[in-house]
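Asks: turn this into a structure:
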Amino acid sequence: MNLRSIEKILDIKLDTVHRWLQISSQHSNEVNKVLMKNLNVDKVELGELWTFVKKIFPSM
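Replies: Next up, the predicted model:
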């Protein structure tokens with residue numbers, strides 16, 4: 001799902017989605033632990049997530 005879709009579905013501003021991604025990227029290890037424990041996300045999916053986040057925020 002792209003960021004614009006998230007914006008529309010959650011009825012929030014795109015800046016908010018960006019801020020969430022930026023905050024979560026600063027705490028990637030903690031986010032990974034939660035996702036791996038509670039949402040049954042595999043390591044490949046998490047790798048794809050962080051690759052996407054790095055494209056949006058290259059300075060991270």
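
Asks: please count neighbours and contacts with C-alpha atoms only from this point.
Replies: OK.

Asks: show me the helices in the chain, by range?
Replies: Taking DSSP state H as the test, the helices found in the chain are 3-10, 14-26, 28-38, 43-56.

Asks: next up, phi/psi of Asn2, please.
Replies: Note on Asn2: its backbone torsions stand at phi -80, psi 170 [degrees, to the nearest 10].

Asks: and the gap between the most far-flung residue of the chain relative to its centre and Val53?
Replies: The C-alpha centroid of the chain is most remote from Asp11, which lies 17.2 Å away (Cα atoms, centre = their mean). To Val53, Asp11 is 21 Å away according to Cα to Cα, to the nearest Å.

Asks: Val34 now?
Replies: Applying Cα to Cα to Val34 and Val53 gives a distance of 17 Å.

Asks: likewise for Trp20?
Replies: Distance of Trp20 to Val53, given as Cα to Cα: 10 Å.

Asks: of the two, which one has the most company?
Replies: With neighbours defined as other Cα atoms under 10 Å, Trp20 and Val53 compare such that Val53 has more, 17 against 11.

Asks: shaky segments in the protein?
Replies: Along the chain, the parts satisfying pLDDT under 70 run over 35-41, 43, 59-60.

Asks: need the nearest residue in space to the most centrally placed residue in the chain, chain neighbours excluded.
Replies: Centroid check for the chain by Cα atoms, centre = their mean gives Leu21 as the closest residue, at 4.7 Å. If the residues on either side of it in the chain are set aside, Leu21 comes closest to Val53, at 6.6 Å by Cα to Cα, 6 or more residues apart in numbering.
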